[in-house]
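Asks: sequence unknown, structure follows:
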């Protein structure tokens, strides 16, 4: 028996390759599926099953493409309905894979069809669970993502409580836990950086598995502090439910070199978004007018999903050399399949062609400190709410909204004012500046190093104080 976790940091997502006696099961595959086919071929094995723990919202799974390539059966939990052929399993149904068994434990709560897959080894021992978004290390899945459900999030949270206690907490403590996500995923709020654990440890340390916890307490705690889901979640879930275009076709279309003149023509004639995926330092020094920055060096795919609201938006790319296919691939993982090509030769070719270049002023914290002390300036903090509440700059001139919701807060700032923008380290502030600049905000200054630099300076900071309820 072999179990391999294939972890993708950008999505904080774990797919699983399970092999026994030359038969293979893939759990929650990524969009690019050839890697699984190649691996099975190398090991003289056959992919027999594709198990989906639920209809994923934070990425487009590769189950449809993989089934077409291999003839493997797609398995979902009870009640799953799709526009393509699947086997909707019964609770406790068992699937033989070589010398092992994979048993379906229906664990609704995160979504209605959510299921945990229990691996029973060659000796009949309950060896591991592949818990999807039902159980994470340190947390459980958010119960507010079920698509087109007439159930409330409170109803789903109550289901999740029962699923955890009736199906998972009854298993032996030495059962290995393989979750679908780790820290960085928006599918939970307190996920561990670890990506593999044991159930006994979770029973001791995971707040949601406290033995003395009532259902009412669980519902209250699991729903507390959940931020609204990114806008692309429901769209990705629907793609996973309805099906999607072939990945290889998407990759071929996106991996098309465009010389500067053709690039400019596509941008104008196709109303294409110019997406620049280089580093923030490169972007501020020189970029194409009206282009948007979201760098590959950060949480690229989730930020694309949060900020580009139309999955069908035509996109053309400015990438580092050799990163063209990677960029198209990472876009497709969250459902952005309409990439039309990339700038051949990059920004240097654009300059040589005599095309217009724009910049964003970016200043170090000591220069920002002087402006803060000597002038009545306007400061825009685009970190998440929790980061801002933990600590932020003092002063009435400080305005805050999370980058996640910049599209909804565009009217909260004034185009006639100059804004000094910062995040924690500099990545998100440049994203924010690029979006604002493309919307006609001209007076923008990026604070390089962000709040990490600010809090190490002599500038005054403060914590959020909750208003008194007395």
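Replies: Arrived safely. No experiment lies behind these values; they were computed from the predicted model shown.
Asks: C-alpha from now on. contacts and neighbour counts both.
Replies: Will do.
Asks: show me the contacts for the residue nearest to the spatial centre of the chain.
Replies: Nearest residue to the geometric centre of the chain (Cα atoms, centre = their mean): residue 302, 3.8 Å. Listed by Cα atoms under 8 Å, 6 or more residues apart in numbering, the contact set of residue 302 reads 10-11, 58, 334.
Asks: contact partners of the helix or strand where residue 282 lies?
Replies: Using DSSP states H and E, residue 282 maps to helix 280-285. Applying Cα under 8 Å, 6+ apart, the contact partners of helix 280-285 are 276, 293, 295, 358-362, 426-427, 430.
Asks: now that helix: average pLDDT?
Replies: For helix 280-285, mean pLDDT rounds to 98.
Asks: give the buried residues for it.
Replies: Applying a neighbour-count criterion of 16 or more other Cα atoms under 10 Å, the buried positions in helix 280-285 are 280, 283-284.
Asks: reformat those residues as CSV; add distance to residue 309.
Replies: Below are the buried residues of helix 280-285 laid out as CSV (distance: Cα to Cα, whole Å):
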residue, distance to residue 309
280, 22
283, 22
284, 24
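Asks: of all those residues, which comes closest to residue 167?
Replies: Of all those, the one with the least separation from residue 167 (Cα to Cα) is residue 280, at 46.4 Å.
Asks: thinking again about what came up before, wait, a strand at the residue nearest to the centre of the chain?
Replies: No - with DSSP: H, G, I helix; E, B strand; the rest coil as the criterion, residue 302 is located in helix rather than a strand.
Asks: what residue ranges in the stretch 151-300 of the chain score low on pLDDT?
Replies: For the stretch 151-300 of the chain, no stretch is flagged by pLDDT under 70.
Asks: go again using 80 as the cut-off
Replies: Scanning the stretch 151-300 of the chain for pLDDT under 80 picks out 190.
Asks: give me the element residue 102 is part of.
Replies: For residue 102, the host element (DSSP H and E) is strand 100-106.
Asks: quick one: stretch 333-346 to chain centroid distance?
Replies: Centre-to-centre, stretch 333-346 and its host chain are 18 Å apart (Cα atoms, centre = their mean, to the nearest Å).
Asks: end to end on it, go ahead and measure it.
Replies: Distance across stretch 333-346, first residue to last, is 24 Å (Cα to Cα, to the nearest Å).
Asks: for the buried residues of helix 280-285, which one is nearest residue 267?
Replies: residue 283 (18.3 Å).
Asks: do you know how far that closest one is from residue 183?
Replies: Taken as Cα to Cα, the span from residue 283 to residue 183 is 28 Å.
Asks: farthest residue from the center of the chain?
Replies: The chain, farthest from centre, Cα atoms, centre = their mean: residue 374 at 40.6 Å.
Asks: okay, helices next: where are they in the stretch 301-450 of the chain?
Replies: Applying DSSP state H, counting those that start in this stretch to the stretch 301-450 of the chain gives helices spanning 324-332, 346-352, 365-374, 385-390, 427-438, 450-454.
Asks: buried sites along the longest one?
Replies: In other words, helix 427-438. Buried residues in helix 427-438 (16+ other Cα under 10 Å): 427-437.
Asks: what comes into contact with that helix?
Replies: Contact partners of helix 427-438, identified using Cα under 8 Å, 6+ apart, comprise 280, 284, 289-295, 298, 360, 382-383, 403, 406, 410, 421-423, 444-447, 450.
Asks: domain parsing of the chain, as residue ranges.
Replies: Domains of the chain are assigned by automatic domain parsing as 2-235, 245-352, 361-462.
Asks: one step back: would you turn the contacts of helix 280-285 into a markdown table with distance to residue 247?
Replies: Below are these laid out as a markdown table (distance: Cα to Cα, whole Å):
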| residue | distance to residue 247 |
| --- | --- |
| 276 | 22 |
| 293 | 24 |
| 295 | 22 |
| 358 | 34 |
| 359 | 35 |
| 360 | 35 |
| 361 | 39 |
| 362 | 38 |
| 426 | 33 |
| 427 | 29 |
| 430 | 30 |
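Asks: now those residues: which count as buried?
Replies: Buried among the contacts of helix 280-285 (16+ other Cα under 10 Å): 276, 293, 295, 360, 362, 426-427, 430.
Asks: who's residue 100 bridged to?
Replies: Per DSSP bridges, the residues bridged to residue 100 are residue 97.
Asks: can you give me the pLDDT of it?
Replies: For residue 100, pLDDT reads 98.
Asks: quick check: it touching residue 126?
Replies: No - Residue 100 is not in contact with residue 126 according to Cα atoms under 8 Å; the separation is 10.3 Å.
Asks: now do the shared contacts for those two.
Replies: With contacts taken as Cα under 8 Å, 6+ apart, residue 100 and residue 126 have 119-120 as neighbours in common.
Asks: just the buried residues of the contacts of helix 427-438.
Replies: Buried, going by 16+ other Cα under 10 Å: 280, 284, 290-295, 298, 360, 382-383, 403, 406, 421-423, 444-447, 450, out of the contacts of helix 427-438.
Asks: buried residues in stretch 82-93?
Replies: Buried residues in stretch 82-93, defined by neighbour count with 16+ other Cα under 10 Å: 82, 86, 88-89.
Asks: now do the buried residues in stretch 68-76.
Replies: 72-76.
Asks: identify the residue spatially nearest to residue 336, adjacent ones excluded.
Replies: Once flanking residues are discounted, residue 336 sits nearest to residue 311: 5.0 Å by Cα to Cα, 6 or more residues apart in numbering.
Asks: ok, the one you found - contacts?
Replies: Residue 311 sits next to 232, 335-338 when contact means Cα under 8 Å, 6+ apart.
Asks: repeat for residue 363
Replies: 445-448.
Asks: same deal with residue 128?
Replies: 118-120, 175-178.
Asks: roughly how far out does the helix or strand encompassing it sit from the chain middle?
Replies: According to DSSP H and E, residue 128 maps onto strand 126-132. Mean-position distance between strand 126-132 and its chain equals 23 Å (Cα atoms, centre = their mean).
Asks: that strand: what's the following helix or strand?
Replies: The helix or strand immediately downstream of strand 126-132 is helix 153-163, counting by DSSP H and E.
Asks: what does that following helix rub up against?
Replies: Identification of contacts with helix 153-163 by Cα under 8 Å, 6+ apart yields 106-112, 134, 142-144, 215-216, 218-219, 222-223.
Asks: before we move on, what about stretch 60-76?
Replies: Stretch 60-76 is contacted from outside by 28-34, 37, 47-54, 84-89, 113, 115, 236-237, 239-240, 243-244, 246-247, 332-335, using Cα under 8 Å, 6+ apart.
Asks: in strands, which of those residues appear?
Replies: 47-51, 87-88, 115 (DSSP state E).
Asks: just the buried members of the residues you listed?
Replies: 47-51, 88, 115.
Asks: of those residues, which is the nearest to residue 369?
Replies: Distances from residue 369 to these, taken by Cα to Cα, are shortest for residue 115, at 52.7 Å.
Asks: any idea how far the closest one lies from residue 191?
Replies: Taken as Cα to Cα, the span from residue 115 to residue 191 is 19 Å.
Asks: could I get the contacting residues of residue 273?
Replies: Applying Cα under 8 Å, 6+ apart, the residues contacting residue 273 are 267, 291-292, 313-316.
Asks: quick revisit: which residues touch the helix or strand following the helix holding residue 282?
Replies: Following helix 280-285 in sequence order, the next helix or strand is strand 292-293 (DSSP H and E). The contact list for strand 292-293 (Cα under 8 Å, 6+ apart) reads 273-278, 280, 283, 430-431, 434-435, 438.
Asks: fine by me, we can end here.
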